[in-house]
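*Asks:* Kindly generate the corresponding structure for this input.
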Amino acid sequence: MAKLYLRTFGCQMNEYDSAKIADVLRATHGTEPTARPEDADLIVFNTCSVREKAQEKVFADLGRVRHLKRAKPGLMIAVGGCVASQEGAAIIERAPFVDVVFGPQTLHRLPQLLERRRATGTPQVDISFPLIEKFDRLPPPRTEGARAYVSIMEGCSKYCSFCVVPYTRGEEVSRPFADVVAEIATLARQGVLEVTLLGQNVNAWRGEIAGRAADFAELLAFVCEIPGIERVRYTTSHPREFTQRLIDAHAALAKLAPHVHLPVQSGSDRVLAAMKRGYTALEYRSIIRRLRRARPAISVTSDFIVGFPGETDADFEATLALARELELDDSYCFIYSPRPGTPAAELPDTLPQDEKLARLQRLQAQIRSQADAIAERMVGSVERALVEGVSRRRSDELAARTGNNRIVNFAAGRERIDCFVDVRITARAAHSLRGEPLE
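*Replies:* A predicted model of the protein is given here:
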């Protein structure tokens, strides 16, 4: 069988797309995965362009596999994902040994693009946006284990000034309600207990249920009713779409995980306006306070961009204050990275890099301290956790994920893998929890 080496960069949406790429190639070409590019007949890089370093890393990795093509003339190399969508044919100009370039919305066409490359001898590029066609052409969903990701929408229509996603993944397009429910029901019959709904702005999902308009909160209610599904998560949400109905869903739906990832990016209204985020820090605070009234134990994580063009000391202090006041628990923090073609890339950026790094380290240290304090308060509590596998550090222990998205390690037999277990938290470790299962 042909061997596929598939490397994924970026977000959970890319992880989901990579799983579908593997499914498509298995169905059409009988490919099997390999961990070594040296053993591959096909190398696929599924790329991310959100960060400048991630984009350059793709070309560095392409350079490292170039010699393999000389040693194995039949080897095919394909580049997909957001860098592919953004750069298009320029990838082949820079790396002419690449055979196929495809976008996130055309991954289902990869087998045909590969065959066309072989037949014509000409590199193939398809970075179009054929709306929902991708999902109609994918093989039936399948999974290994009790967790699965399901994409419910594609693209983004927010056009934040710093972000390339609307240009690389297109406008927001929601999958039909019936398609989403059917895929999750199929996964549940295969033993999936926990499903994570994915989208660039997942809570912007809109659809039709029983002939009438429906929103994301109503979709969540239906997903929670699917037999076999015991926990539901979603990511990534946007404050502009975080409605009161969605907040109420967290109070009403017991299967909805007590964790929300809600990127804020900055605590300064001036910076938020420059980012074109469409909300104020006060409005973000209001969402979190109402969410915690609805679900008091809920954990909230976020994203922050440090050093956005024009960010002052006062702006950064406002970010620290917001993160501290809301007790945000673990957040992704990045130094601003200008992306070609975005409005923010044209803004004057005079803040020295060492000052940006210092601000990043201060924010990360504060959030890490907050996360430690939250973990400390969890000691003594009983958490329902889904066992994901063997612990990374000790082969005689298992690792499970709690409802608020923390890893807890404990001693138990491997027969509990892919099962929910009630675990008493006994201690806090550096980046995880320790516990003991309750009989």
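
*Asks:* buried residues in stretch 346-362?
*Replies:* D349, L351, K356, R359, L360, R362 (16 or more other CB atoms under 10 Å). (Glycine included, C-beta is placed from N, CA and C.)

*Asks:* no wait, stretch 63-79
*Replies:* With burial defined by 16+ other CB under 10 Å, the residues of stretch 63-79 counted as buried are V65, L68, K69, L75, M76, I77, A78, V79.

*Asks:* Could you export these as TSV, including pLDDT and secondary structure?
*Replies:* Shown next, in TSV, are these (pLDDT from 0 to 100; DSSP: H, G, I helix; E, B strand; the rest coil):
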residue	pLDDT	secondary structure
V65	94	helix
L68	94	helix
K69	89	helix
L75	95	coil
M76	96	strand
I77	97	strand
A78	97	strand
V79	97	strand
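
*Asks:* so which pair among these is furthest apart in space?
*Replies:* Maximum pairwise distance among those (CB to CB): 14.8 Å, between L68 and V79.

*Asks:* Out of the buried residues of stretch 346-362, which is nearest to V50?
*Replies:* L360 (16.2 Å).

*Asks:* surely the closest one meets Y332?
*Replies:* No. Taking contacts as CB atoms under 8 Å, L360 lies outside contact range of Y332: 11.3 Å.

*Asks:* Could you measure from the nearest residue to G155 once chain neighbours are set aside over to P239?
*Replies:* Sequence neighbours aside, G170 is the residue nearest to G155 in space, at 4.2 Å (criterion: CB to CB, 6 or more residues apart in numbering). According to CB to CB, to the nearest Å, G170 and P239 sit 22 Å apart.

*Asks:* Quick check: what element follows the lowest-mean-pLDDT helix or strand in the chain along the chain?
*Replies:* In the chain, the helix or strand scored least confidently by mean pLDDT, DSSP states H and E is helix 133-136, which has a mean of 71. With elements assigned by DSSP states H and E, the helix or strand that comes after helix 133-136 is strand 147-151.

*Asks:* For L351, which non-adjacent residue is spatially closest?
*Replies:* What sits nearest to L351 in space, not counting adjacent residues and going by CB to CB, 6+ apart, is G307, at 5.4 Å.

*Asks:* isn't that neighbour right up against D354?
*Replies:* No. Applying CB under 8 Å, one finds G307 not in contact with D354, separated by 10.6 Å.

*Asks:* ranges for the helices of the stretch 1-150 of the chain?
*Replies:* Along the stretch 1-150 of the chain, counting by DSSP state H, counting those that start in this stretch, helices occupy 12-29, 52-71, 81-87, 90-94, 110-120, 133-136.

*Asks:* And the helices in the stretch 301-439 of the chain?
*Replies:* Using DSSP H, counting those that start in this stretch, helices in the stretch 301-439 of the chain cover 313-325, 353-378.

*Asks:* Among the ones you listed, which comes closest to N404?
*Replies:* Comparing those against N404 with CB to CB, the closest turns out to be helix 353-378 (8.1 Å).

*Asks:* tell me the contacts of the residue lying closest to M378 once chain neighbours are set aside?
*Replies:* Leaving aside its chain neighbours, M378 sits nearest to I425 (4.9 Å; criterion: CB to CB, 6+ apart). The contact partners of I425, by CB atoms under 8 Å, 6 or more residues apart in numbering, come to M378, V379, G380, S381, V382, E383, V408, L433, R434, G435.

*Asks:* Right, I'll call it a day here.
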